[in-house]
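1. what follows is a protein structure lacking sequence information:
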Ligand SMILES: Cc1ncc(C[n+]2csc(CCOP(=O)(O)OP(=O)(O)O)c2C)c(N)n1
């Protein structure tokens, strides 16, 4: 049977077919749908772990009793998980595939790192699927490879492969015959004294995998015109195939370690050899290290951003490579000029809006974090001044305070951290503990919208349910912060501007750490839509103060159109969810709750 699947859906299917019984992840674009789909297979225990590090640790534990496992994360998730991933390699975890979804083009990520580098760094094999079919098949191949050599295997996708759809031939599930059993395995203890020979064993394991790569079906030569030979993998292979339809290809499925004999065979078969890949010259470096002559690679293509057939065709054609598809060598039509900008913005009714309206008014430095609230950086708020990586808001604000020393309490040096609830659980809690321990007095505002909104509304430990929809204890955020040692903890309605302002000012004046939990459930996730508010045209003076909340439900009708002296603000009833935040900005009482709903 065949089915149309995205790469991520196919990876989930691959996990099921490969007999995976435990799957873990923390959400992050472009990897999120993997676990959302795995969760639809009842044979697999799946969970959102609180972060990527924990996700990998859970999987390592599961391999210890013989389970087949899969973890998934986005590009920067691997940075968080790096410690257990490296150590999993040293342990040698059979039956374990770590999916890492990279993001050339930075469609949704802070960095554009090429995580294939982890292969040689952590000494584990890297597989790179180019189609949805391969996404599915390579999970199975990865589990087999992992069991055969006792190594974790990295399956590296990119946004293009994860989110493109294609036909996938479905197969059955291959369960492990032996049930899980807790048998003590000395190799799971990485005590330095006991593991002196482990590095050497790793290198030997890698040599065996390198030799196996030459026989593996994951790599193949596709001979056509022998004039031009291209080595490529993943999405870059698809782009290169379109750009040079008559060329011969070494289609690489395992990008680390490369199949050396196959590379040499291919070199011998073609007159000129090129390497086409996105981001780092990862394949090219390996090929050059083999002493194999490469006629062109990294210098012909951009080293950042996503490739496409046009970039590949023109890049190689400029260097005199023949056979480029003429469709892709002519300059594509220039984008239409003069269209209005549509910058990303908080949803109408988003609870984060009130917090940034107040912070913008208070003019404090805001150490931000990663989530929907990162949009506080944009106009009209301009109220977020740094955002580094998940959880960093709390540590960076503490660093600012310590570096400023005695001047940290000066009015001009006041600062707060803002962090979402999911991010707080992911890696903010430790930052807060650090403040308490090291005598900081930061103000931390947790933007509690009861979900992981940025990535599509995944469950958090405070939501009272798990990924699979099971009921779970809902973490009490206030109690958690108190347990971490903060005495000054307050929960505030995120739609109440006056209460927010009072609470933030008081916290800034206090000489101790403070946590303000600004609460308003995500309007999208919880489908919140109260009655829209209305503008009383006669009372509206056209001062535009209400627009400072940056709500897209508010619009402006030019004065001439309504026969007034000043422009008139309007509310789009289809967008307004009735939060009333704009009304709190109005000094003329011109914005009202619908009749009969006041108070
Ligand atoms: C290490 C890492 N993992 C995952 C992500 C993807 N990601 C970006 S923001 C975010 C969480 C957002 O949730 P929350 O903090 O609750 O804020 P909200 O979007 O709900 O406002 C996630 C998972 C990331 N950027 N970095």
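-> Received it, and whenever you're ready, just let me know what you need. This structure is a prediction, so every number in the text was calculated from the model and none was measured.
2. and for residue 545, the neighbour number?
-> Here the number of neighbours of residue 545 (other Cβ atoms under 10 Å) works out to 14. Glycine gets a C-beta too; all of them are placed from N, C-alpha and C.
3. look up the pLDDT of it for me, please.
-> With respect to pLDDT, residue 545 scores 97.
4. now it: how far from residue 591?
-> 10 Å (Cβ to Cβ, to the nearest Å).
5. where does the stretch 351-500 of the chain have low pLDDT?
-> For the stretch 351-500 of the chain, no stretch is flagged by pLDDT under 70.
6. in it, which spans are strands?
-> Using DSSP state E, counting those that start in this stretch, the strands found in the stretch 351-500 of the chain span residues 365-368, 386-387, 415-420, 443-448, 488-493.
7. the domain parsing of the protein - what is it?
-> Domains of the chain are assigned by automatic domain parsing as 2-212, 220-328, 352-519, 534-592.
8. can you lay out these as a markdown table showing distance to the ligand?
-> As requested, those are exported to a markdown table (distance: least, Cβ to the nearest ligand atom, whole Å):
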| stretch | distance to the ligand |
| --- | --- |
| domain 2-212 | 3 |
| domain 220-328 | 18 |
| domain 352-519 | 2 |
| domain 534-592 | 15 |
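9. got those domains as a markdown table, with distance to residue 335 columns?
-> As requested, the domains of the chain are exported to a markdown table (distance: least, Cβ to Cβ, whole Å):
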| stretch | distance to residue 335 |
| --- | --- |
| domain 2-212 | 16 |
| domain 220-328 | 14 |
| domain 352-519 | 22 |
| domain 534-592 | 24 |
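10. of all the strands of the stretch 351-500 of the chain, which one is nearest residue 320?
-> strand 386-387 (44.6 Å; Cβ to Cβ).
11. name the strands paired with the closest one and say parallel or antiparallel.
-> strand 365-368 (parallel) (DSSP bridges).
12. so where is the protein shaky, pLDDT-wise?
-> 596-599.
13. okay, buried residues for the biggest helix by length in it please.
-> Longest helix in the chain, counting residues (DSSP state H): helix 132-149. Neighbour-count burial for helix 132-149 flags 132-143, 145-147, 149 (criterion: 16 or more other Cβ atoms under 10 Å).
14. now swap in stretch 321-334 and tell me
-> Buried positions in stretch 321-334, judged by neighbour count with 16+ other Cβ under 10 Å: 321, 323, 324, 325, 328.
15. contact partners of that stretch?
-> Defining contact as Cβ atoms under 8 Å, 6 or more residues apart in numbering, one finds that stretch 321-334 is touched by 225, 227-228, 242-247, 272, 274, 296, 309-310, 312-314, 316-317.
16. if we can go back for a sec, residue 339 is nearest to which of the domains of the chain?
-> domain 534-592 (17.3 Å).
17. thinking again about what came up before, do you know which of the domains of the chain lies nearest residue 528?
-> It's domain 534-592; of the domains of the chain, that one is closest to residue 528 (Cβ to Cβ) at 5.6 Å.
18. quick one: the strands of the stretch 351-500 of the chain as TSV, columns for mean neighbour count and distance to residue 88 too.
-> Output for these, formatted as TSV (neighbours: other Cβ atoms under 10 Å; distance: least, Cβ to Cβ, whole Å):
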stretch	mean neighbour count	distance to residue 88
strand 365-368	24	32
strand 386-387	19	30
strand 415-420	27	29
strand 443-448	27	32
strand 488-493	17	37
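19. can you put the ones you listed in a markdown table and add distance to residue 304?
-> What follows is the strands of the stretch 351-500 of the chain, written out as a markdown table (distance: least, Cβ to Cβ, whole Å):
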| stretch | distance to residue 304 |
| --- | --- |
| strand 365-368 | 24 |
| strand 386-387 | 20 |
| strand 415-420 | 28 |
| strand 443-448 | 32 |
| strand 488-493 | 42 |
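20. which stretch among the ones you listed comes nearest residue 428?
-> strand 415-420 (4.8 Å).
21. what pairs with the closest one, parallel or antiparallel?
-> Neighbouring strands of strand 415-420 in its sheet, by DSSP bridges, are strand 365-368 (parallel), strand 443-448 (parallel).
22. and these as a markdown table, adding distance to residue 569?
-> As requested, the strands paired with strand 415-420 are exported to a markdown table (distance: least, Cβ to Cβ, whole Å):
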| stretch | distance to residue 569 |
| --- | --- |
| strand 365-368 | 27 |
| strand 443-448 | 26 |
